[in-house]
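Chemist: Based on what follows, work out the 3D shape:
(chains A and B)
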There are 2 protein chains.
Amino acid sequence: MEKIIAIQGVQGSFHHLVAQQYYGREIPVLECMSFSELTKSLMENKAAEGVMAIENSIAGSILPNYALIDENKLKVVGEHYIPIDMNLMAVPGQNISEIKKVYSHPMALLQCKEFFKKHPHIKLIEDADTAEVARRIAEKGSTKVAAVASKAAAHLFDLEILAESIHTKKSNATRFLIISKQKKEPNGEKIDKASLKFELESKRGSLVSVLNILRDFNLDMSKIQSMPIIEFPWKYSFFIDVTFDDYTEFEKAMKILEVMTERLTILGTYKNSL
Amino acid sequence: MEKIIAIQGVQGSFHHLVAQQYYGREIPVLECMSFSELTKSLMENKAAEGVMAIENSIAGSILPNYALIDENKLKVVGEHYIPIDMNLMAVPGQNISEIKKVYSHPMALLQCKEFFKKHPHIKLIEDADTAEVARRIAEKGSTKVAAVASKAAAHLFDLEILAESIHTKKSNATRFLIISKQKKEPNGEKIDKASLKFELESKRGSLVSVLNILRDFNLDMSKIQSMPIIEFPWKYSFFIDVTFDDYTEFEKAMKILEVMTERLTILGTYKNSL
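Modeler: Purely as a prediction, here's the structure:
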């Protein structure tokens, strides 16, 4: 049986685009309307792996997604970056001045904030998925409403693009994680990146000591984020991504971190795609 | 003239609660329906200071709000933490089984995810503000719909609480910043916390060197977050909060960081309220 990949949203969504680029154009996908549905489909073996947005340069990390990975003991087995390209689309034959409402994902609306400032007559309404709105508009033939979605979605659902590339930051990439129930072991394929989570007491310098270890073992840090643990005001949890050339050096550093930190979790090891 | 404080949302919102706790119960507020409207009201001198949610233990930082502060050259002059208490409320005399739709802020719905899993007959709809929904339901006398908001909102708009404290994490605090056009100078009042932003090249160890300086000058780090700068893949920007006992030590460390980092911005210095 060919493996099925869980995506957030429907065909034509950015998650679908990532699945096609990562696995190949014809990869069968399972459409999930929320991230928790996506992780559930992996836990129930309805899909072999999943594609999950994790951060972009406007909103930062989608921390609830880290929680979903962590709580379900899922593993990160890969990553993929795509430049986000947002487009305004509607049933053909309309002008932008006729559009009264635009439905899209909150993140997409946020990314196009400057464009919509110039069109104050348009009411913005948050929705679950960019491509799903495009499909709905196409199926119902709704006029006076538009979707913000990918060019692929416009093509797929025969909508007309009223305004192209309307996102504010023209170099806005979004990072997606590939997640699975099984962790990835180094077997021939290059593994040179890892995502970690651990807790530390906020003793002066405790984080510096950890970062010194990473440096000693030639691990580069490509991401760091602290999260206060509200129940214990003197403790923090950290999400850190590291890249490395030598997997055995990484393993040594982790052995030391296991002693230096609390609740060290290796969320996954995988191939750096940046 | 008494000073007016800009809040996100309407009276009865969590922002209003913070304003009352920080400035006193009778503080006049300017209701803003978005964070960008809030910063605009400060730029146009319609309000003296503003209250802005910045992070919580579920979703992490609201990074677009940092961008709003930074782009408008606003200053952080204070902070305030409140435990979030979410409640389901509706026009009196209804049972929870009769409720078909719940409108609230996406963050509030996220915080109550587990509760709504147990009530799958309720459709969740995202809205701009928790308290504004409560007010709308009360004004229209709408039945079969409910709001998720604070007890204060239920009280203010005479709604009945159908389910109390429905948020998942029972110790979920949200951090709010107090922002202003003018920065806070140390004048008698204790200033022992600062929010910084700077950029670094991702040379191995460059962040470690910065953190070593912070430690050398007895600055404790209470928050760190990296953001990739997509235009320059080898560069990162960092948001760091530090606490300290001695303001002159803080000033010395900043002089060194000005040389060691790029685009160092002190977003504000203020009193630590944790």
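Chemist: quick one: is the lowest-mean-pLDDT helix or strand in chain A near chain B?
Modeler: When each helix and strand of chain A is scored by mean pLDDT, DSSP states H and E, strand A:60-61 comes last, with a mean of 74. Yes - judged by C-beta under 8 Å from any C-beta of the partner chain, strand A:60-61 and chain B are in contact via A:60-61. Every residue, glycine included, has its C-beta placed from N, CA and C.
Chemist: got it, and stretch A:186-194?
Modeler: No - figure legend: stretch A:186-194 not in contact with chain B (C-beta under 8 Å from any C-beta); closest approach 13.5 Å.
Chemist: For that stretch, which outside residues touch it?
Modeler: Contacts to stretch A:186-194, defined as C-beta atoms under 8 Å, 6 or more residues apart in numbering or on different chains, come from residues A:79, A:184, A:222, A:241-245, A:247, A:250, A:266-272.
Chemist: can you give me the end-to-end distance of that stretch?
Modeler: 12 Å (C-alpha to C-alpha, to the nearest Å).
Chemist: which stretches of the stretch 51-200 of chain A form helices?
Modeler: Secondary structure of the stretch 51-200 of chain A, counting by DSSP state H, counting those that start in this stretch: helices at A:63-71, A:106-111, A:113-117, A:130-140, A:151-156.
Chemist: picking that back up, the contacts of stretch A:186-194: which ones sit near chain B?
Modeler: Okay, of the contacts of stretch A:186-194 touching chain B (C-beta under 8 Å from any C-beta), that's residue A:222.
Chemist: follow-up on the earlier one: which one of the helices of the stretch 51-200 of chain A has the poorest average confidence?
Modeler: Note on the helices of the stretch 51-200 of chain A: lowest mean pLDDT is at helix A:106-111, with a mean of 82.
Chemist: what about that helix, near chain B?
Modeler: Yes - using C-beta under 8 Å from any C-beta, helix A:106-111 reaches chain B at A:106, A:110.
Chemist: In that helix, which residues are buried?
Modeler: Neighbour counts over helix A:106-111 (16 or more other C-beta atoms under 10 Å in any protein chain shown) mark A:107-111 as buried.
Chemist: Outline the domain layout of chain A.
Modeler: A:5-83+A:172-180, A:87-163, A:193-268 (automatic domain parsing).
Chemist: CA atoms only for the longest helix along chain A - export them in CSV, please.
Modeler: Ranked by number of residues, the top helix in chain A under DSSP state H is helix A:247-260. Extracted in CSV, the C-alpha atoms of helix A:247-260 (Å, rounded to 0.1, in the frame of the first residue of the first chain):
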residue,chain,number,x,y,z
TYR,A,247,26.4,12.7,14.3
THR,A,248,28.6,11.1,17.0
GLU,A,249,29.5,14.6,18.3
PHE,A,250,25.8,15.3,18.5
GLU,A,251,25.2,12.1,20.5
LYS,A,252,28.0,13.0,22.9
ALA,A,253,26.6,16.5,23.5
MET,A,254,23.1,15.0,24.2
LYS,A,255,24.6,12.7,26.8
ILE,A,256,26.0,15.7,28.7
LEU,A,257,22.7,17.7,28.2
GLU,A,258,20.8,14.8,29.7
VAL,A,259,22.7,15.4,32.9
MET,A,260,22.8,19.3,32.7
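Chemist: which of the residues in that helix are buried?
Modeler: For helix A:247-260, by 16+ other C-beta under 10 Å, it's A:250, A:253-254, A:257.
Chemist: what's the answer for stretch A:63-82, then?
Modeler: Within stretch A:63-82, the residues that count as buried by 16+ other C-beta under 10 Å are A:63, A:65-69, A:74-82.
Chemist: Looking at those, spot the one nearest chain B.
Modeler: The nearest member of the buried residues of stretch A:63-82 to chain B, counting by C-beta to the nearest C-beta, is residue A:63 at 3.8 Å.
Chemist: Give me the pLDDT value at the residue of chain A positioned farthest from its centre.
Modeler: The outermost residue of chain A relative to its centre, with distances by C-alpha atoms, centre = their mean, is residue A:93 at 34.2 Å. pLDDT, residue A:93: 95.
Chemist: Burial check on residue A:104, number of neighbours?
Modeler: Using other C-beta atoms under 10 Å in any protein chain shown, residue A:104 is surrounded by 27 other residues.
Chemist: Tell me how far it lies from chain B.
Modeler: As defined by C-beta to the nearest C-beta, to the nearest Å, residue A:104 lies at a distance of 12 Å from chain B.
Chemist: Okay, and the beta partners of that residue?
Modeler: Beta-bridge pairing of residue A:104, defined through DSSP bridges, involves residue A:126.
Chemist: Kindly provide the distance from it to residue A:87.
Modeler: Here residue A:104 is placed at a distance of 11 Å from residue A:87 (C-beta to C-beta, to the nearest Å).
Chemist: same thing with residue A:10?
Modeler: Distance from residue A:10 to residue A:87, counting by C-beta to C-beta: 16 Å.
Chemist: got any ranges where the stretch 51-200 of chain A has weak pLDDT?
Modeler: When residues are selected by pLDDT under 70, those of the stretch 51-200 of chain A lie in A:57-59, A:170-172.
Chemist: All the strands of the stretch 1-150 of chain A, residue numbers only.
Modeler: A:5-8, A:29-32, A:49-56, A:60-61, A:75-83, A:87-90, A:101-104, A:123-126, A:145-149 (DSSP state E, counting those that start in this stretch).
Chemist: Which of those has the highest mean neighbour count?
Modeler: Of the strands of the stretch 1-150 of chain A, the one with the most neighbours on average (mean count of other C-beta atoms under 10 Å in any protein chain shown) is strand A:145-149, at a mean of 28.
Chemist: Dump that one to CSV, restricted to CA.
Modeler: Provided in CSV are the C-alpha atoms of strand A:145-149 (Å, rounded to 0.1, in the frame of the first residue of the first chain):
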residue,chain,number,x,y,z
VAL,A,145,-16.4,37.2,-1.9
ALA,A,146,-12.8,36.3,-2.4
ALA,A,147,-10.2,33.9,-1.0
VAL,A,148,-6.5,34.5,-0.2
ALA,A,149,-4.6,31.4,-1.2
